[in-house]
Structure formats: C-alpha cells, structure tokens
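[1] just to be clear, the model below is a prediction. Sequence and coordinates:
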Amino acid sequence: MSQISNPAKVTKLTYGRDPSQFAELHLPDGGGQEGTGPDARETAPVCVVVHGGFWRARYGLDLGTPLARDLAAHGVAALNVEYRRVGNGGGWPNTCADVAAAVDALAAVADRVDLTRVVALGHSAGGHLAGWLAGRARLRDGAPGANPVVPLSGFVSQAGVLDLELAVTDHLGAGAVAAFLDPSGGGEPAAYEVVSPVRLLPTGVPSVLVHGTADEDVPLSQSESYAAAAARADDSCRLVTLPGADHFGVITPDSPDWHVCRAAVLDLVSTQR
C-alpha cells in the first residue's frame, strides 16, 4: 500500500519498504487540482521520470529532479522515480518490479492527476526502463510488472538502452548490462524476451526516441534498432536524431536537446486528450 507525505509541492510516494522504493511527485502550480494542466479544464497529465546511470547504485533520482521541476513548470505532473539498482538490491527482476510498482502507485493520487495521460521519460538505462514499462501489458501473468494498474499512454527515450542483446554485444557501460541481467553473478541472466524493450514489441504505446549522433556512451544504433523493430511491428515510433549531440545534453534543462525531449512529452500528453 502506498503512503503519501506532502512537503510543499512535492509529494513523496513510497511503494515498498526498501529505502530506494519511493518516488517524488512534482505538481504544477495549483497543487495538481483541477485546472492546473495544460488545458485549464483538466487535471494535469503525468510524466514518469526514470533516471539513468547504467542501473548502478551510485546514481540516483537527483539526476531526474531538474527535469521533473521543469516539466511541472510546464503544466505536467512529474513522478521522479527512485528504484533499487545493482549494488543495493537491484538488477533484474527487482529494478523492473520497482519502477512498475512506482507507476502503479499513481493510483493513490488519482484524484489529483489525469491517469489517462501517463507517459514515461527515461535517460540511458532509464530509457530502457521507460521502454520496458511501455511493454508491461505484453508480459505473461506472474511475470514481474505484468498486469499494469496504471498503463502508459506513451514514452520518450533519451538515448535509451532499448536493445539489451545488442548492448551486451557492444559491451555498453563496461559490463553494466550483464550485471543488470544477472546481479547475483549466478550465471542465469534474465531472458531478453521479458526484459528487453525491443523484444516486447508491439506495445501499442506511441514512442519518441531522442538520440544524439555523437553519443559515445549509448550509441545511436540502440534507438535505430528499436525504431526499425517498431516499424516492422506497426507500432507508432518516431526517431529524433540530434546532430553532434552527446549523451548528457538531453538531461540538461537549459540545453536545446532537453527542449526537444520536453516538447515530445508535451506532444504525447496532448494527443491523448
């Protein structure tokens, strides 16, 4: 059961007992009540912000805080999610189960936000998790994250790791993907079919993939692989390449690269009205 505390305009939702199982809901001016969204007649839509860091414990939700604040300033309630990572109890399946539980915890504030317009925004490893959230409805009963309570209506990937098989081949993050898939080191990694976003297509969830052509941390081929697979599956997917952009401009609030990401979020929540 979710517990809610409310300091100022940031609402903390806890979705488990572990210290990393919480999220911060940044509400637009007006506190998330009716009339605070982009359309004054409606409650605010929600963007689930999922930070990156190659699923490693030393990176936390502070990476997503500036983005959440900026989205709230533009009329979108932003749920900045923390989750267990590799090194503090995370990796498959706990990390994925956590982000799924965080999204479902939005049901506890259904009177304050519009749950028919919930999009996810994820950077790098967070892009993986955003894409995975979009594919939850494809998971079999009993699988971690199956049967979503709060489904997504879209997702934006910011240089996301969307094809884990390709990521392992490319040795992204100096072995970070392998560590995420098999956090215990027991030699039994998760099956790509249940954890890799590209293998969960078609999702029926519209997506926008934003990726810099000069990204040396997560290559453009990650987004290209997902976009090609989405086209074959007849899913709505738009790939936006940023010429000369690196891996971090998309999470820098005063960067034109971030403005592209924010515009994609606003477009997705607007088209769901």
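    Received, thanks.
[2] shaky segments in the stretch 1-150 of the chain?
    When the per-residue scores of the stretch 1-150 of the chain are filtered using pLDDT under 70, the ranges that remain are 1-8, 30-42.
[3] quick one: the strands in it?
    Read by DSSP state E, counting those that start in this stretch, the stretch 1-150 of the chain holds these strands, from start to end of the chain: 3-5, 10-14, 22-26, 44-50, 77-81, 113-123.
[4] who does the third one touch, helix- and strand-wise?
    Judged by 3 or more C-beta pairs under 8 Å, 6 or more residues apart in numbering; DSSP states H and E, strand 22-26 is in contact with strand 10-14, helix 65-73, strand 77-81. No exception for glycine: its C-beta is placed from N, CA and C like everyone else's.
[5] how about the strands of the stretch 1-150 of the chain in a markdown table, adding distance to V210?
    Listed next are these as a markdown table, based on distance: least, C-beta to C-beta, whole Å:
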| stretch | distance to V210 |
| --- | --- |
| strand 3-5 | 32 |
| strand 10-14 | 26 |
| strand 22-26 | 21 |
| strand 44-50 | 14 |
| strand 77-81 | 17 |
| strand 113-123 | 10 |
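[6] let's have those strands in TSV, adding distance to T252 and mean neighbour count.
    Listed next are the strands of the stretch 1-150 of the chain as TSV, based on distance: least, C-beta to C-beta, whole Å; neighbours: other C-beta atoms under 10 Å:
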stretch	distance to T252	mean neighbour count
strand 3-5	30	11
strand 10-14	21	18
strand 22-26	18	24
strand 44-50	14	30
strand 77-81	16	29
strand 113-123	11	26
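[7] picking that back up, for the helices and strands packed on strand 22-26, which one sits closest to A263?
    helix 65-73 (11.3 Å; C-beta to C-beta).
[8] buried sites along the closest one?
    Buried residues in helix 65-73, defined by neighbour count with 16 or more other C-beta atoms under 10 Å: T65, P66, L67, A68, R69, D70, L71, A72.
[9] stretch 143-151 too?
    For stretch 143-151, burial by neighbour count (16+ other C-beta under 10 Å) applies to A143, P144, G145, P148, V150, P151.
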